[in-house]
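> quick check, what structure comes out for this input:
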Amino acid sequence: MQPVPRWAYRLAHAIPFFVLPSSLWRIGLVFGSSMGMIDETGQEMYVHGFGPKLYVVGLSLFSEALALTSLGLVQRWGEIVPRWIPLIGGRPVPPYAAIIPATLGGLSLIALWTYAMHGAYTDSALNFTSTPWQYLMVGSYSFLHLWGPSLLLLTWAYHRRRKSHAGANAREVGRTASTV
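Prediction:
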């Protein structure tokens, strides 16, 4: 099997850091900061109550965990199911079981962040107490635009690596069958 390209390994490890600034920005809301956001009346907006705060923390943890799954495209557990998983542990991961969800995920992330951030870039989505607060939010979320394309690049590298491995296995089986 071909080794993981160095750029792919580094990119997979960078993806969680693309998600981290937005997660940290949201966590600021949980700890009582308005992060400069104001409502229509000019009053600062805060996250109140246990449920909404739990949601914000959960969203941040979920997005980070989802970003960490990109490591499967460059790690052994993305090729062989870890042995500790019941029933399927130790079996090879069918390449398309990773390629299809990763491709759909990358395309979905591109669509999501293009749509979600359009208002922030056109200055029509949220109101802030000052321009620096607005720049902080937009800057924190802008890194998310790198997540989708990066995931697609990693998926492409994974596909190439696994495809060449599958082709080598098929050639080996063919050689073995012709010598028998």
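> any idea how far the most centrally placed residue in the chain lies from S130?
Residue closest to the average C-alpha location in the chain (Cα atoms, centre = their mean): A67, at 3.2 Å. Distance from A67 to S130, counting by Cβ to Cβ, to the nearest Å: 30 Å. Heads up, the C-betas are built off the backbone N, CA and C, glycines and all.
> same thing with L154?
Applying Cβ to Cβ, one obtains 38 Å for the distance of L154 from S130.
> out of these two, which sits in the busier spot?
L154 (26 against 10; other Cβ atoms under 10 Å).
> the more buried one in helix, strand or coil?
helix (DSSP: H, G, I helix; E, B strand; the rest coil).
> just the residues contacting stretch 122-139, thanks.
Stretch 122-139 is touched from outside by 21, 25, 34-40, 42, 44, 117-121, with contacts defined as Cβ atoms under 8 Å, 6 or more residues apart in numbering.
> of these, which belong to strands?
In strands, judged by DSSP state E, the following of the contacts of stretch 122-139 are found: M37, I38.
> most surrounded residue in the contacts of stretch 122-139?
Counting neighbours by other Cβ under 10 Å, M35 leads the contacts of stretch 122-139 with 22 neighbours.
> in this protein, what helix or strand scores lowest on average pLDDT?
In the chain, no helix or strand scores lower on mean pLDDT, DSSP states H and E than helix 147-179, which sits at a mean of 73.
> returning to that earlier point: of the contacts of stretch 122-139, which is the nearest to V56?
When the contacts of stretch 122-139 are compared for distance to V56 (Cβ to Cβ), W25 wins out at 10.2 Å.
> flag every buried residue along stretch 6-21.
For stretch 6-21, the neighbour count (16 or more other Cβ atoms under 10 Å) marks A8, Y9, L11, A12, I15, P16, F18, V19, L20, P21 as buried.
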